[in-house]
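[1] Need a 3D model of the following:
(chains A, B, C and D)
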2 protein chains.
Amino acid sequence: MTDVLVIEDDDRIRLALLLALEDEGYRVRGAATAEEGLLMQRREPADNVLVDLMLPGLDGFECIRRMRREDDVPIVVVSARDDTHDIVAALEAGADDYLVKPVAIKELSARLRALRRRARAATDPVPVLTFGQLEISPDAGEVRLAGRPVPVTRTEFRLLCELAEHAGRVLSRHQLLQRVWGYDTGDERLVDVHVGRLRQKIEDDPGSPRHLVTLRGLGYKLTR
Amino acid sequence: MTDVLVIEDDDRIRLALLLALEDEGYRVRGAATAEEGLLMQRREPADNVLVDLMLPGLDGFECIRRMRREDDVPIVVVSARDDTHDIVAALEAGADDYLVKPVAIKELSARLRALRRRARAATDPVPVLTFGQLEISPDAGEVRLAGRPVPVTRTEFRLLCELAEHAGRVLSRHQLLQRVWGYDTGDERLVDVHVGRLRQKIEDDPGSPRHLVTLRGLGYKLTR
DNA sequence: CGGTTGTATGACAGTTGCGTGACAAAATCG
DNA sequence: CGATTTTGTCACGCAACTGTCATACAACCG
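    Residues are numbered from 1 along each chain as shown, chains lettered A, B, ... in the order given. This is a model prediction of the structure:
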């Protein structure tokens, strides 16, 4: 059974979408605001998310950005505006598809299916990454040092995964901001701080790190 | 660099798409029939495929199905028909996205990017440049001498990479200033100093260098 | 050979980049 | 709601790096 979350402030449209999707065999749930949607997705992750761009409070773009930061779920934008700028901006923010209202439910369903096929392929079992005493299992969301679990926060974990995924290669602060945070305000110190915190947890001697190495002027990298 | 293959039988449209995509920074290639496209993809796989639905011989749907059987490349349909049935059928066949002509190139580009984000490769091969005992790995931001890591500064590293990239060829001080520093105040001594520092680190006998050679009156070059 | 030009190098001061602790805002949890 | 954790921002200090200069040295040329 596939779960779909619909984030749309217009009650009538949301209801119509939910009913139509239910008819197509999905298990559905709805949210009227971005905040509510983000919360629901955190509580009980759906397999697909539909989001309107025009939302009260946090708008759709911001909603997408935030959700993308903590979840890899396929996100489809359903908007009334058929505007290239909106489309580009939404995809930039991390959306996977963009549909213009009114949507044909069959098309929507087909697009959801295509997206899930991709998502599944991308989420193939990721083996545990090992760096000496350090083990990272992206799937389990777990970090171990000499067999012992290390409590890391979400950002630290994402940062570590990003570095681990490109082990041995330098990643600039800019790249890390882009990939871990999803945005780049230009404040590179943000990365430093989190790298520092990560070192406190995973390095024997945070003063002279063995794994999470600084390359002055270039960025950071993770080595074995 | 991202490669895109466009399968479209209308010469004018294909050309227009190819030019526009090239303008966006993609490396492009085109095919006029499904058969040709499948062959090209087999020969030299692109990172994205655009396909028209109305093709002579094998139609777009069949083209998608076959390509999907042997390749996991993201496929985008670009069709003149804005018909739910076509859209559903194309997605069923294995397409990842569907755009209706005429397409906004910016939107297309954004959608391609969104698709690739999902299919981002974990580790690309890391090319390492070797000069006898000396190894330079631009990706890892690392220089090794006889297997041992040599600590080089950012400018030294850039300088070395620049020389390595044009191995065996003389680079004048002005060229190096321009390429490594990005500006040229006319002070050629600056290059000398950094070359000297580099030699201290990578040459066995910095007095009579084997790799980083001076060509009096011309500049420097890196030899094997 | 001496003069001239081009290159090597050590020293030094100014600058840059990084690590860190402190703190406030925001998110999360009970 | 209040308590706790997490996150982002800031400022400061240290260490590393950079560019400049002066001097010494080497190569070239007549």
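[2] neighbours around A:R148, how many?
    For A:R148, the neighbour count with other CB atoms under 10 Å in any protein chain shown is 9. Every residue, glycine included, has its C-beta placed from N, CA and C.
[3] separation between A:S137 and chain B?
    Counting by CB to the nearest CB, to the nearest Å, the gap from A:S137 to chain B is 15 Å.
[4] remind me which residues of chain A are low pLDDT?
    Scanning chain A for pLDDT under 70 picks out A:121-125.
[5] where does it come near DNA strand C, residue by residue?
    Contact residues (CB under 7 Å from any atom of the strand) of chain A with DNA strand C: A:39, A:42, A:70, A:173, A:188-189, A:192-193, A:195-196, A:199, A:206-207, A:214-219.
[6] Just the buried subset of the residues you listed, please.
    Using 16 or more other CB atoms under 10 Å in any protein chain shown as the burial test, these include A:R173, A:V195, A:R199, A:L215, A:L218, A:G219 as buried.
[7] Secondary structure added to the residues you listed, as JSON lines?
    Below are these laid out as JSON lines (DSSP: H, G, I helix; E, B strand; the rest coil):
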{"residue": "A:R173", "secondary structure": "helix"}
{"residue": "A:V195", "secondary structure": "helix"}
{"residue": "A:R199", "secondary structure": "helix"}
{"residue": "A:L215", "secondary structure": "strand"}
{"residue": "A:L218", "secondary structure": "coil"}
{"residue": "A:G219", "secondary structure": "strand"}
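[8] Among the residues you listed, which pair sits farthest apart?
    A:R199 and A:L218 (17.3 Å; CB to CB).
[9] Report the closest residue of chain A relative to DNA strand D.
    The nearest approach of chain A to DNA strand D comes at A:T153, 2.8 Å away (CB to the nearest atom of the strand).
[10] Tabulate the buried ones among the residues of chain A next to DNA strand C (TSV), appending distance to DNA strand D.
    Below are those laid out as TSV (distance: CB to the nearest atom of the strand, whole Å):
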residue	distance to DNA strand D
A:R173	12
A:V195	11
A:R199	14
A:L215	9
A:L218	10
A:G219	14
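[11] from the residues you listed, which are also near chain B?
    Among these, the residues lying close to chain B (CB under 8 Å from any CB of the partner chain) are A:L215, A:L218, A:G219.
[12] Same list (these) but as CSV, adding distance to B:T33.
    What follows is those, written out as CSV (distance: CB to CB, whole Å):
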residue, distance to B:T33
A:L215, 49
A:L218, 47
A:G219, 46
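[13] Can you pull the residues of chain A lying near DNA strand D?
    Counting by CB under 7 Å from any atom of the strand, chain A sits next to DNA strand D at A:151, A:153-156, A:181, A:185, A:187, A:189-190, A:193-194, A:197, A:216-217.
[14] So which of those residues sit within helices?
    If you go by DSSP state H, the residues of chain A next to DNA strand D have A:R154, A:T155, A:E156, A:R189, A:L190, A:V193, A:H194, A:R197 in helices.
[15] leaving aside the residues next to it on the chain, what's closest to the fifth one?
    Across the structure, with CB to CB, 6 or more residues apart in numbering or on different chains as the measure, the residue nearest A:L190 apart from its sequence neighbours is A:L177 (7.0 Å).
[16] Now stretch A:113-132: buried residues?
    Buried residues in stretch A:113-132 (16+ other CB under 10 Å): A:A114, A:L115, A:R117, A:R118, A:A119, A:L129, A:F131.
[17] And for stretch A:175-186?
    A:Q175, A:L176, A:L177, A:R179, A:V180, A:W181, A:G182.
[18] from the chain's centre, how far out does that stretch sit?
    Averaging C-alpha positions (CA atoms, centre = their mean, to the nearest Å) puts stretch A:175-186 12 Å from its chain's average.
[19] what about that stretch, start to end distance?
    Terminal residues of stretch A:175-186 lie 11 Å apart, using CA to CA, to the nearest Å.
[20] which residues are contacting it?
    The contact list for stretch A:175-186, computed with CB atoms under 8 Å, 6 or more residues apart in numbering or on different chains, reads A:65, A:68-69, A:93-94, A:155, A:158-159, A:162-163, A:171, A:174, A:188, A:190-191, A:219-220.
[21] Narrow these to those in strands?
    The strands, defined by DSSP state E, take in A:G219, A:Y220 from the contacts of stretch A:175-186.
[22] just the buried members of the contacts of stretch A:175-186?
    If we count by 16+ other CB under 10 Å, the contacts of stretch A:175-186 have these buried: A:65, A:68-69, A:93-94, A:155, A:158-159, A:162-163, A:171, A:190-191, A:219-220.
[23] Identify the farthest-apart pair in the residues you listed.
    Farthest pair in these (CB to CB) is A:A93 and A:Y220. Separation: 25.6 Å.
[24] Break down chain A into its strands, ranges please.
    A:3-7, A:27-31, A:48-51, A:75-79, A:97-100, A:129-131, A:134-137, A:142-145, A:148-149, A:212-215, A:219-222.
[25] The fourth one - contacts with which helices or strands?
    Applying 3 or more CB pairs under 8 Å, 6 or more residues apart in numbering or on different chains; DSSP states H and E, one finds that strand A:75-79 makes contact with strand A:48-51, helix A:60-70, helix A:84-93, strand A:97-100, helix A:105-122.
[26] Buried by neighbour count: which residues of that strand qualify?
    A:I75, A:V76, A:V77, A:V78, A:S79.
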